[in-house]
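>>> structural data only, the sequence is not supplied:
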């Protein structure tokens with residue numbers, strides 16, 4: 001797995017339109033439902049995966065910009081080594097944006113919450129998470145955070161075309177961890 005970085009998010013409850021009654025909240029990487037702590041890209045302090053290399057970098061930015069992190073959850077993300085090109089039906093390599101430093105500090109402890117699938121048409125940041133954004137949680141076996149339980153389930157979902165007619169890819173498989181701050 002490739003370390004991607006950290007992000008504080010406002011975790012949202014399952015939207016009423018999402019027909020997956022076992023889902024209580026949304027831990028997806030994308031910002032479509034559970035929002036990041038701020039429109040942080042405008043500060044240009046993120047890494048090449050459009051996340052942060054450490055929780056401290058987020059805290060420093062929040063302090064400088066007078067952004068409250070109260071009530072937010074800290075996430076740490078890793079990605080499967082390859083992304084899936086749905087058009088080519090093939091796995092391919094990806095890299096962080098080279099114009100940004102990417103030196104992710106690994107967490108001292110982390111709790112795996114599950115696996116998300118995120119679209120990356122622009123190649124840099126996650127756009128959508130079809131499990132939540134497109135409602136695939138109603139047809140795939142997700143946990144209470146709207147994540148697949150295993151990496152094998154995520155691989156199977158993309159390879160078997162379960163994301164067909166969702167968001168355009170390529171798709172990256174994302175391990176979603178919570179971290180105590």
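Happy to help now that I have it. Just so it is clear, the structure is predicted and the values come from calculations on it, not from any experiment. Numbering: from 1, shown residues only.
>>> show me where this protein has strands.
Along the chain, counting by DSSP state E, strands occupy 2-10, 12-13, 25-26, 35-36, 73-79, 83-85, 90-92, 111-119, 171-178.
>>> CSV for these, including distance to residue 64 and mean neighbour count?
(Glycine included, C-beta is placed from N, CA and C.) Converted to CSV, those look like this (distance: least, C-beta to C-beta, whole Å; neighbours: other C-beta atoms under 10 Å):
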stretch, distance to residue 64, mean neighbour count
strand 2-10, 15, 21
strand 12-13, 26, 14
strand 25-26, 28, 20
strand 35-36, 16, 16
strand 73-79, 18, 22
strand 83-85, 33, 19
strand 90-92, 38, 12
strand 111-119, 28, 22
strand 171-178, 25, 23
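>>> to residue 57, which of the ones you listed lies closest?
Using C-beta to C-beta as the criterion, the shortest distance between residue 57 and the strands of the chain is 7.9 Å, found for strand 2-10.
>>> closest one to residue 150 among the strands of the chain?
For those, proximity to residue 150 was assessed by C-beta to C-beta; strand 111-119 is nearest, at 6.8 Å.
>>> now the angle from the closest one to strand 73-79?
Put simply, strand 111-119 runs at 60 degrees to strand 73-79, going by axes from the mean of the first three to the mean of the last three C-alpha atoms, to 10 degrees.
>>> quick one: distance of strand 111-119 to the chain centre.
6 Å (C-alpha atoms, centre = their mean, to the nearest Å).
>>> got the angle between it and strand 171-178?
Using the same axes, to 10 degrees, the inter-axis angle of strand 111-119 relative to strand 171-178 is 150 degrees.
>>> determine the set of other helices and strands touching strand 111-119.
helix 130-133, helix 151-159, strand 171-178 (3 or more C-beta pairs under 8 Å, 6 or more residues apart in numbering; DSSP states H and E).
>>> please repeat the previous calculation with a cut-off of 10 Å.
Strand 111-119 makes packing contacts with strand 73-79, strand 83-85, helix 130-133, helix 151-159, strand 171-178 when contacts are defined by 3 or more C-beta pairs under 10 Å, 6 or more residues apart in numbering; DSSP states H and E.
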